[in-house]
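Asker: Please work out how this folds:
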Amino acid sequence: MNKWKTLAAAVATASLWATCTLAQAQELKIGYVNSERVLREANPAKAAQAKLEAEFGKREKDLADVANRLKAASDKLDKDAPTLSEAERTRRQRELVEQDRDFQRKRREFQEDLNNRKNEELALVVDRANKVIKQIFDSEKYDLILQEVVFAGPRIDITKKVIDALNAGK
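Answerer: The predicted structure follows:
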């Protein structure tokens, strides 16, 4: 009979433990933030993009103009090549190669500068977004907020809250 009481007590304890664990699991508050959407839709991200376009737009246009001039010069050389002397054709080809090398260098420098500035601006937006997420986490008493997930249901998606808070300047 003592074995049955011990077994009944163990089962009751396990059942109580399972009930407590289930209750705690139901109280767990989880949120999900789609970082890509935040960086695409939030006003600070849009402002950063506009700032970069304003800052690099002229250089990009200048590079496009140089590329067009190089293309025109190359086409002209191809057209004129049959009537040019060997020395003149060689001289123009060397000039084109030198101009193209200079253009490629300027394009690489432009791309590096643009990437560096994008990373700087992105870091500022991400930092602001993380502060907003932390505020939401604290104020709404979340247990866990995730940013990178494979699947998340709309019930736990707080991306819109984060975007709205960023847009409000919080």
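
Asker: helices or strands up against the helix or strand Glu121 falls within?
Answerer: Of the helices and strands defined by DSSP states H and E, Glu121 is found in helix 86-139. Other helices and strands packing on helix 86-139, by 3 or more CB pairs under 8 Å, 6 or more residues apart in numbering; DSSP states H and E, are helix 35-41, helix 43-80, strand 144-146, helix 159-167. C-betas here are computed from N, CA, C, even on glycine.

Asker: and it, how far out from the chain's middle?
Answerer: Average the C-alpha atoms of helix 86-139, do the same for its chain, and the two points are 15 Å apart (CA atoms, centre = their mean, to the nearest Å).

Asker: go on, stretch 160-170?
Answerer: With CA atoms, centre = their mean as the basis, the distance from the averaged C-alpha position of stretch 160-170 to the chain average is 17 Å.

Asker: could you give me the average pLDDT of that stretch?
Answerer: Mean per-residue pLDDT for stretch 160-170: 91.

Asker: Only the buried residues of that stretch, if you could.
Answerer: Under the neighbour-count criterion of 16 or more other CB atoms under 10 Å, stretch 160-170 has 162-163, 165-166 buried.

Asker: Kindly format the C-alpha coordinates of stretch 29-40 as PDB.
Answerer: The C-alpha atoms that make up stretch 29-40 are tabulated as PDB, following Å, rounded to 0.1, in the frame of the first residue of the first chain:
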ATOM      1  CA  LYS A  29       5.400  37.000 -24.400                       C
ATOM      2  CA  ILE A  30       7.300  36.800 -27.600                       C
ATOM      3  CA  GLY A  31       7.600  39.400 -30.400                       C
ATOM      4  CA  TYR A  32       9.100  39.400 -33.900                       C
ATOM      5  CA  VAL A  33      10.500  42.300 -35.900                       C
ATOM      6  CA  ASN A  34      11.100  42.100 -39.600                       C
ATOM      7  CA  SER A  35      14.400  44.100 -39.800                       C
ATOM      8  CA  GLU A  36      14.300  44.300 -43.600                       C
ATOM      9  CA  ARG A  37      10.900  45.800 -43.600                       C
ATOM     10  CA  VAL A  38      11.900  48.400 -40.900                       C
ATOM     11  CA  LEU A  39      14.900  49.400 -43.100                       C
ATOM     12  CA  ARG A  40      12.700  49.700 -46.100                       C
END
